[in-house]
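1. what would the 3D arrangement of this be:
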Amino acid sequence: MNITIVGTGYVGLVTGTTLAELGNTVYCVDIDAKKVARMKQGSVPIYEPGLEEMFLRNIQAQRLFFTTDIKEALDKSEVIYLALPTPPGEDGSADLSYVISVANQIGEMMTDYKVIVNKSTVPVGTADKVRETIAAKTKIPFDVVSNPEFLREGFAVEDSMNPARVIVGSESEKAQEVMAKIYQPFTNTGIPIIFMDEKSSELTKYAANSFLAVKITFMNEIANYCEKVGADVDKVRLGMGSDDRIGHRFLFPGIGYGGSCFPKDVKALIKSGKQEGFDFQILEATEEVNQNQKIILVSEIEKYFKGNIEGKKIALWGLAFKANTDDIREASSLDNIKILLEKGAEITAYDSIAEDNVRQVLGDQISYAKDMYSALEGADCLLIATEWSEFKNPNFELMAQKMKNKAIFDGRNMFALEQVEDKGFFYKSIGRKTLR
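-> Below is the predicted model:
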């Protein structure tokens, strides 16, 4: 099948590459001519493990193409995926201007039946708005489908090729048949397609992400309480996770969630609720608790230095919001950097993947190290903000040699307490006893 993907951001590029891998001919459209030119030359514009190999394989197989000409791509395809940005506005609501703008273009340009697929995360009722927008421009028949993505950054290739389920929101039998054909390679291996109405499909995405945000935040609150009463959150987590009604995933405590999805989707669902006169009280509390959690170690660093961190050299390991991505949107590292700089600290950070993105935001407000140990030269303490694998088993002896003070503030619980206990470090993590 010929398929067009409008938008080559994270979702659009992964979706387009996956659909090409499933044997379709895919035309990816973007308004950024330089970006399109780079992709044509085989350059992947995002960091995602495993994506580059699949990307290059499908370009070479002539199943994956890139263009700035939406009309050309539209004419070649029966199915048009909208994978466009829906950034949060100042009030938290999702900005649908990109989606509606492209819907207008489709209505003006289409010459035969199309299935328009909303892949972007959008509020309930967006499929109706897209349908109304296109219908105002054309009398040609078409269908609008909601088909939300459930990709985890860092695991997107795995998630795209082996999804837990495929959600399709459409009450059109014709559109359902088209979508079933696209995803037949999945259903052949036992992966279910769940058909539902458009509004239920749109809400499913928000509900799933918001629930996971709540789960993470609840575990962080349990971790904070563990410190008050002398319990060990690692043991509590294992005990909870062994209950199959709860499961082990998303129970790891730390300095809050970030990224492009959870913060945005929680805000958008809260705003959507208010527009209907409904308050998502749990989500409002989740957002507040998470914001506080992201900077919870700043007060611990201040306490260690007896209330004054002005002039202190702080090494920072990790800048991405999570491991295996270069995404720094809503990253806890940035919240910590902002406050620490305001308090007069000097920061040297190391993150080989996300550094370039942070440089674009912070420039020379902080220093950047070539490796994790270089960041520690003369450091008064170390703050760990991202759970990169290379941090899991460091050379503690080398760390001690390079650091001015042997103090670690671990926002991701990278080390078992036994790893650190006999190394002579002050070690503060989340929800566990502090080693002094």
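2. which residues of the stretch 1-150 of the chain fall in strands?
-> Taking DSSP state E, counting those that start in this stretch to define them, one finds strands in the stretch 1-150 of the chain at 2-6, 25-29, 64-67, 79-82, 114-118, 142-146.
3. quick one: strands adjacent to the second one?
-> So the one you mean is strand 25-29. As defined by DSSP bridges, the strand partners of strand 25-29 come to strand 2-6 (parallel), strand 64-67 (parallel).
4. so what touches the longest one?
-> Surrounding strand 2-6, the residues in contact under the criterion C-beta atoms under 8 Å, 6 or more residues apart in numbering are 12, 15-16, 19, 24-29, 70, 73-74, 76-84, 102, 119, 182. (Glycine included, C-beta is placed from N, CA and C.)
5. mind listing what's buried along it?
-> The neighbour-count check on strand 2-6 (16 or more other C-beta atoms under 10 Å) flags 3-6 as buried.
6. closest to L417 out of the residues you listed?
-> Using C-beta to C-beta, I5 is the member of the buried residues of strand 2-6 that lies nearest L417, at 47.1 Å.
7. not counting sequence-adjacent ones, nearest residue to the closest one?
-> Once flanking residues are discounted, I5 sits nearest to G16: 4.0 Å by C-beta to C-beta, 6 or more residues apart in numbering.
8. so who does I366 touch?
-> The neighbours of I366, taking C-beta under 8 Å, 6+ apart as the test, are 316, 337, 341, 346-349, 358.
9. with V122 instead?
-> 86, 94, 96, 99, 146, 202.
10. separation between it and G107?
-> Distance check for V122 against G107: by C-beta to C-beta, to the nearest Å, it reads 18 Å.
11. cool, S332 as well?
-> Counting by C-beta to C-beta, the separation of S332 from G107 is 42 Å.
12. comparing the two, which shows the higher neighbour count?
-> Comparing S332 with G107 by other C-beta atoms under 10 Å, the one with more neighbours is S332, at 28 against 20.
13. isn't the more buried one up against K294?
-> Yes: assessed by C-beta atoms under 8 Å, S332 is found in contact with K294 at 4.3 Å.
14. ok so, going back, and the contacts of strand 2-6, which are buried?
-> Counted by 16+ other C-beta under 10 Å, these give 12, 15-16, 19, 24-29, 70, 73-74, 77, 79-84, 102, 119, 182 as buried.
15. and which of the buried residues of strand 2-6 is nearest G42?
-> Using C-beta to C-beta, the buried residues of strand 2-6 come closest to G42 at I5, 17.5 Å.
16. got a markdown table for the buried residues of strand 2-6, with distance to D279 and pLDDT too?
-> As requested, these are exported to a markdown table (distance: C-beta to C-beta, whole Å; pLDDT from 0 to 100):
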| residue | distance to D279 | pLDDT |
| --- | --- | --- |
| I3 | 40 | 98 |
| T4 | 40 | 98 |
| I5 | 37 | 98 |
| V6 | 35 | 98 |
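17. and the residues you listed, which is closest to K392?
-> Of all those, K392 sits closest to I5, with 36.4 Å by C-beta to C-beta.
18. give me the distance between that closest one and K174.
-> 21 Å.
19. secondary structure class for D244?
-> coil (DSSP: H, G, I helix; E, B strand; the rest coil).
20. SS state for the spatially closest residue to E310 that is not a sequence neighbour?
-> Among residues not flanking E310 along the chain, G344 sits closest, at 3.2 Å (C-beta to C-beta, 6+ apart). Here G344 is coil, with the state taken from three-state DSSP.
21. so G344 touches I309, yeah?
-> Yes: judged on C-beta under 8 Å, G344 makes contact with I309 at a distance of 6.6 Å.
22. neighbour-wise, which of those two wins?
-> I309 (21 against 11).
23. for the more buried one, give me its contacts.
-> Per C-beta under 8 Å, 6+ apart, neighbours of I309: 301-302, 340, 343-345.
24. A helix includes L212, no?
-> Yes: counting by three-state DSSP, L212 is found in a helix.
25. mind checking pLDDT for it?
-> On pLDDT, L212 comes in at 97.
26. likewise for the one 3 residues further on?
-> Taken from the predicted model, the pLDDT recorded for K215 is 98.
27. report how many residues lie close to it.
-> Using other C-beta under 10 Å, K215 has 17 other residues around it.
28. and the gap between it and G230?
-> Computed as C-beta to C-beta, the K215 to G230 distance reads 24 Å.
29. for L13, same thing?
-> Distance from L13 to G230, counting by C-beta to C-beta: 48 Å.
30. these two - which one has more neighbours?
-> Neighbours around L13 and G230, counted as other C-beta under 10 Å, are more numerous at L13. The numbers are 25 against 7.
31. so what's K267 closest to, chain neighbours aside?
-> Distance criterion C-beta to C-beta, 6+ apart; nearest residue to K267, sequence neighbours excluded, is G92 at 3.5 Å.
32. which residue lies farthest from the center of this protein?
-> Among the C-alpha atoms of the chain, the one farthest from their average position, using C-alpha atoms, centre = their mean, is that of K139, at 38.4 Å.
33. wait, what's in contact with that residue?
-> Contact partners of K139, counting by C-beta under 8 Å, 6+ apart, are absent.
34. and the helices in the stretch 251-400 of the chain?
-> In the stretch 251-400 of the chain, the segments counted as helices under DSSP state H, counting those that start in this stretch are 262-275, 281-294, 296-304, 332-342, 355-362, 396-402.
35. just checking, what packs against the last one?
-> Contact partners of helix 396-402 among helices and strands, from 3 or more C-beta pairs under 8 Å, 6 or more residues apart in numbering; DSSP states H and E: none.
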